[in-house]
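> sequence-free structure coming up:
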């Protein structure tokens, strides 16, 4: 158990819909990272928050947004969903030597 | 930008050693990491190595780092069927964000 919690574990929705994925980092960790894992793209960095502020942005689509709340949990919002958004979405928080601790992921299926 | 490359597949027999290789591009990377992903699960940190080290051993795992060639390897001794998984190499981004850049992952198949 990494200490990073993600919900929901599985999500099935239709094209055009909007979903929210939630992440709670390990106790005491201030950074949250979101990654997308798809079969053809591997693990792609989406966005990072540190203590409530956006720190880095990767290959995140404009239809996607995220935020980190004062209690340090984070949410990733995916809107106008397309079939190609089907993937595993991982959240991670970072340890003292920069290692990332990953949650179990949220598997999104868009039909 | 940074890039991390791995071979996609490796098959070994139970009891043999496995060696998974990785090359990276950012010579200023301070830490390099190995993660394991079992089917349907998240990524589990296996080990990491600091860039001023050549080797790190942790039980059945040995990490070798060749900074000159920007080559990282993970050796698993006495490979077991439970080691079957996808193994990801990652380098720490050279910016100050701390994000990791991952390779495509190497699927290790262990045959009994």
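Cool, got the structure. Not measured: the values here are computed from a predicted model. Numbers count the residues shown, from 1 in each chain, chains lettered A, B, ... in the order given.
> What's opposite residue 66 in the beta bridge?
Just going to use chain A. residue A:76 (DSSP bridges).
> looking at chain B here, not the other one
Legend: beta-bridge partners of residue B:66 under DSSP bridges are residue B:71.
> next one: residue B:49
Beta bridges link residue B:49 to residue B:32, judged by DSSP bridges.
> In terms of pLDDT, where does the spatially closest residue to residue B:7 that is not a sequence neighbour sit?
Residue nearest to residue B:7 in three dimensions, not counting chain neighbours: residue B:106, with 5.7 Å by C-beta to C-beta, 6 or more residues apart in numbering or on different chains. In this view, the C-beta of every residue, glycine as well, is placed from N, C-alpha and C. Listed pLDDT for residue B:106 reads 96.
> where does residue B:106 sit relative to residue B:53, distance-wise?
Distance, residue B:106 to residue B:53, by C-beta to C-beta, to the nearest Å: 22 Å.
> For the two, work out which one has more neighbours and name it.
More neighbours surround residue B:106 than the other of residue B:106 and residue B:53, with 20 against 13 (other C-beta atoms under 10 Å in any protein chain shown).
> residue contacts, the spatially most distant residue from the centre of chain A?
Computed with C-alpha atoms, centre = their mean, the residue of chain A farthest from its C-alpha average is residue A:97, at 21.3 Å. Residues near residue A:97 by C-beta atoms under 8 Å, 6 or more residues apart in numbering or on different chains: B:31, B:48, B:50.
> Mind doing that once more with 7 Å?
With contacts defined as C-beta atoms under 7 Å, 6 or more residues apart in numbering or on different chains, the neighbours of residue A:97 are B:31, B:48.
> Look up how far residue B:92 lies from it.
Distance from residue A:97 to residue B:92, counting by C-beta to C-beta: 9 Å.
> Are there residues contacting both of the two? Which ones?
Common neighbours of residue A:97 and residue B:92 (C-beta under 7 Å, 6+ apart) are residue B:31.
> Would you state the secondary structure element containing the residue nearest the centre of chain A?
In chain A, the C-alpha nearest the mean C-alpha coordinate belongs to residue A:34, at 3.6 Å (C-alpha atoms, centre = their mean). When secondary structure is defined using DSSP states H and E, the element that contains residue A:34 is strand A:31-38.
> Quickly run through the sheet partners of that strand, with directions.
strand A:42-50 (antiparallel), strand A:87-94 (antiparallel).
> Mind telling me which of those strands the model trusts least?
Looking at those, the lowest mean pLDDT belongs to strand A:42-50 (a mean of 92).
> Any chance you could list what contacts that one?
Counting contacts by C-beta under 7 Å, 6+ apart, the residues outside strand A:42-50 that touch it are A:30-37, A:54-60, A:64, A:66, A:68, A:74, B:88, B:97, B:99, B:102, B:104-105.
> Repeat that for stretch A:23-41.
So stretch A:23-41 is contacted by A:3-6, A:43-51, A:66, A:68, A:72-74, A:76, A:87-94, A:100-101, A:103, B:98-99 (C-beta under 7 Å, 6+ apart).
> Show me which of the residues you listed are buried.
Neighbour-count burial (16 or more other C-beta atoms under 10 Å in any protein chain shown) is assigned, among the contacts of stretch A:23-41, to A:4, A:6, A:43-50, A:66, A:68, A:72, A:74, A:76, A:87-94, A:100-101, A:103, B:98-99.
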